[in-house]
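Participant: only geometry, no sequence info:
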Ligand code: ASP
């Protein structure tokens with residue numbers, strides 16, 4: 001039986017007892033990590049969120065009842081121990097623990113809660129299946145490494161708050177039940193009970209609200225905001241996540257960027273003890289795409305992409321020449337010092353190149369003696385090779401990888417191979433932090449599927465003044481006042497200077513394919529606000545979870561979130577999302593009410609071929625294809641009809657038909673002679689060669 005605390009009060013955390021506490025009385029409480037029974041003396045490693053303390057329960061010092069209790073203690077029992085802190089015997093000293101030279105000699109003991117054997121051991125870096133850990137996250141959280149992540153997260157949030165508050169930012173909360181904010185993902189919707197058929201959207205970000213705060217004169221806003229995006233998940237994505245969101249008035253790009261540099265440098269220094277040299281490197285989107293193939297370059301290592309199209313256009317190698325002459329590009333990276341890549345490594349990279357859409361991987365290894373080793377060399381004139389290698393800065397011991405393809409494909413292939421090579425050679429060190437500010441993003445991109453322009457950042461982003469004239473003429477050429485902060489090849493966050501003029505914002509909506517009515521319907525309140533004097537403003541938001549992932553070197557974003565969702569967006573522990581009761585759906589008018597609101601095509605019940613065969617077999621029918629089709633249709637109608645009946649609200653309705661009361665009828669058992677075989681066979685529908693064909697029923 002579990003006991004109550006009674007008058008016991010905890011005096012120390014387990015991980016905090018030290019030699020200076022020797023001889024003082026102490027009360028520790030926590031979970032039993034391990035129990036060793038030496039007969040007459042029991043040792044327990046007691047754990048709380050600060051660490052472990054060794055408890056000694058000696059039959060000589062506790063009364064019998066408590067000693068018997070101690071014998072019952074198993075892993076994860078919650079106990080309270082009162083005793084005296086003593087120095088450990090030299091042979092039991094544990095140099096790995098901060099409390100390793102002391103122990104608590106028990107005088108009194110309480111079992112506060114018993115525990116079932118946990119489904120996995122509570123220890124650091126346990127190799128347990130993640131699903132099991134997430135199902136019992138409350139046990140998983142007892143692991144010191146996970147707890148450590150939570151502590152660091154709190155320090156990080158605190159450092160961000162301290163910095164921004166020092167910089168005169170005001171922390172403001174914005175609504176979670178709101179209207180859709182277009183950040184490019186699907187919305188999570190919440191049905192309104194009061195306004196039947198209407199929905200709130202959970203915020204993909206507080207974007208519109210923070211802009212309205214600027215209209216409201218708040219001047220500098222920040223929030224540690226929860227955002228919700230219904231997207232396919234990856235290792236660094238969660239359906240709900242935390243952003244540090246900020247916005248400033250009367251600023252241009254450089255002002256926001258300067259603040260961001262200072263913010264990141266400050267939190268890295270204060271939380272991680274990492275010095276980030278300022279100013280951060282800045283790079284335009286164009287440069288990032290050309291040199292690294294991506295808009296989030298990993299700058300922990302070199303191997304930039306080099307343009308060779310001009311040389312290739314007149315070279316003797318037909319494959320390169322044709323690509324270069326037909327609008328494609330020929331580009332390459334020089335993997336400095338990796339001229340000795342093994343055959344297996346080259347094969348690995350070639351497979352990767354193919355998986356990124358390449359037809360193979362063209363490469364040249366420059367041997368230490370300067371000799372070029374490749375199947376390509378024979379296709380080139382020596383001078384062409386020399387020119388290309390010179391441009392690539394190629395030297396003996398280097399390895400060169402080419403891509404000849406359409407621009408997008410070449411970027412993807414080389415950009416990714418660059419990362420694969422770095423992984424292969426362990427160049428992406430987790431303790432190195434390479435920041436870069438990527439600027440001048442294109443304002444728009446063409447969405448093939450939707451057949452319209454979409455905003456690369458979001459629809460509220462200000463175009464560069466010098467590109468404004470191109471807005472309607474050559475929209476894809478317009479650059480935006482938008483910037484990303486990238487760390488180690490990961491986009492930490494994005495921001496931009498916003499449009500603050502109503503007319504320009506309307507122009508933008510039009511460009512994005514919103515009709516005047518739909519722009520008014522979705523963003524009318526924002527456009528209205530802009531009529532009343534909106535200051536120039538801009539801001540930024542970065543993912544706290546993602547930053548934590550990089551700061552802790554965690555492999556998954558789930559390791560830095562207390563209760564994360566699994567890859568499919570579900571919660572293994574609470575089993576959400578889950579079905580709700582019919583009455584809840586009814587209350588929200590989601591059962592039938594919606595039919596009046598939107599046009600809902602009734603779903604056709606699914607009837608499979610197997611279902612049809614089954615029903616036919618039951619009815620002992622052999623059907624041809626036409627009859628099967630007919631039966632399929634009939635079955636669908638029957639199921640649809642049954643579904644409709646099911647949907648009827650019959651509460652409080654009197655039954656319209658009654659079942660006759662059953663009365664048993666007793667009949668005496670009479671012995672009857674069995675049927676005469678001859679008589680039956682005589683009426684058989686057909687006879688042949690002494691065989692009778694009888695109906696199946698008789699069979
Ligand atoms: N709302 C943007 C985002 O979530 C950030 C910003 O523009 O401030 O990416």
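Facilitator: Cool, the structure landed. Keep in mind that what you see is a predicted model, and the values were worked out from it rather than measured.
Participant: in terms of contact, does residue 81 touch residue 28 like I think?
Facilitator: Yes - with the criterion set as C-beta atoms under 8 Å, residue 81 and residue 28 qualify as a contacting pair; they are 5.3 Å apart. For the C-beta atoms, the positions are set from N, CA and C on the backbone; glycine is no exception.
Participant: so what's in contact with these two at the same time?
Facilitator: Shared contacts of residue 81 and residue 28 (C-beta atoms under 8 Å, 6 or more residues apart in numbering): 46, 55, 104.
Participant: now secondary structure, pLDDT and neighbour count too, for those residues, in JSON lines please.
Facilitator: Compiled in JSON lines, these are given as follows (DSSP: H, G, I helix; E, B strand; the rest coil; pLDDT from 0 to 100; neighbours: other C-beta atoms under 10 Å):
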{"residue": "46", "secondary structure": "strand", "pLDDT": "98", "neighbour count": "26"}
{"residue": "55", "secondary structure": "strand", "pLDDT": "98", "neighbour count": "25"}
{"residue": "104", "secondary structure": "strand", "pLDDT": "98", "neighbour count": "27"}
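Participant: interface residues of the stretch 501-650 of the chain facing the ligand?
Facilitator: Within the stretch 501-650 of the chain, the positions adjacent to the ligand are 539-541 by C-beta under 6 Å from any ligand atom.
Participant: let's see if you can find the most crowded of the residues you listed.
Facilitator: The most crowded member of these is residue 539, carrying 27 neighbours; neighbours defined as other C-beta atoms under 10 Å.
Participant: which element is that one on?
Facilitator: For residue 539, the host element (DSSP states H and E) is strand 537-543.
Participant: could I get the average pLDDT for that strand?
Facilitator: Averaged across strand 537-543, the pLDDT comes to 98.
Participant: for it, packing partners?
Facilitator: With contacts defined as 3 or more C-beta pairs under 8 Å, 6 or more residues apart in numbering; DSSP states H and E, strand 537-543 has these neighbours: helix 207-215, strand 240-249, helix 253-272, strand 482-487, strand 490-497.
Participant: could you check how far the last one is from the centre of its chain?
Facilitator: Strand 490-497 has its C-alpha centroid displaced from the chain centroid by 18 Å (C-alpha atoms, centre = their mean, to the nearest Å).
Participant: just the fourth one next, same as before
Facilitator: Mean-position distance between strand 482-487 and its chain equals 20 Å (C-alpha atoms, centre = their mean).
Participant: and the angle from that strand to helix 253-272?
Facilitator: Between the axis of strand 482-487 and that of helix 253-272 there is an angle of 20 degrees, by axes from the mean of the first three to the mean of the last three C-alpha atoms, to 10 degrees.
Participant: do strand 482-487 and the ligand come into contact?
Facilitator: No - when contact is scored as C-beta under 6 Å from any ligand atom, no part of strand 482-487 falls within range of the ligand; the minimum is 7.8 Å.
Participant: residue 221 is in what secondary structure piece?
Facilitator: Residue 221 belongs to strand 220-228 when elements are defined using DSSP H and E.
Participant: returning to that earlier point: what's the most buried one of the helices and strands packed on strand 537-543?
Facilitator: Among these, the stretch with the highest mean neighbour count (mean count of other C-beta atoms under 10 Å) is strand 482-487, at a mean of 26.
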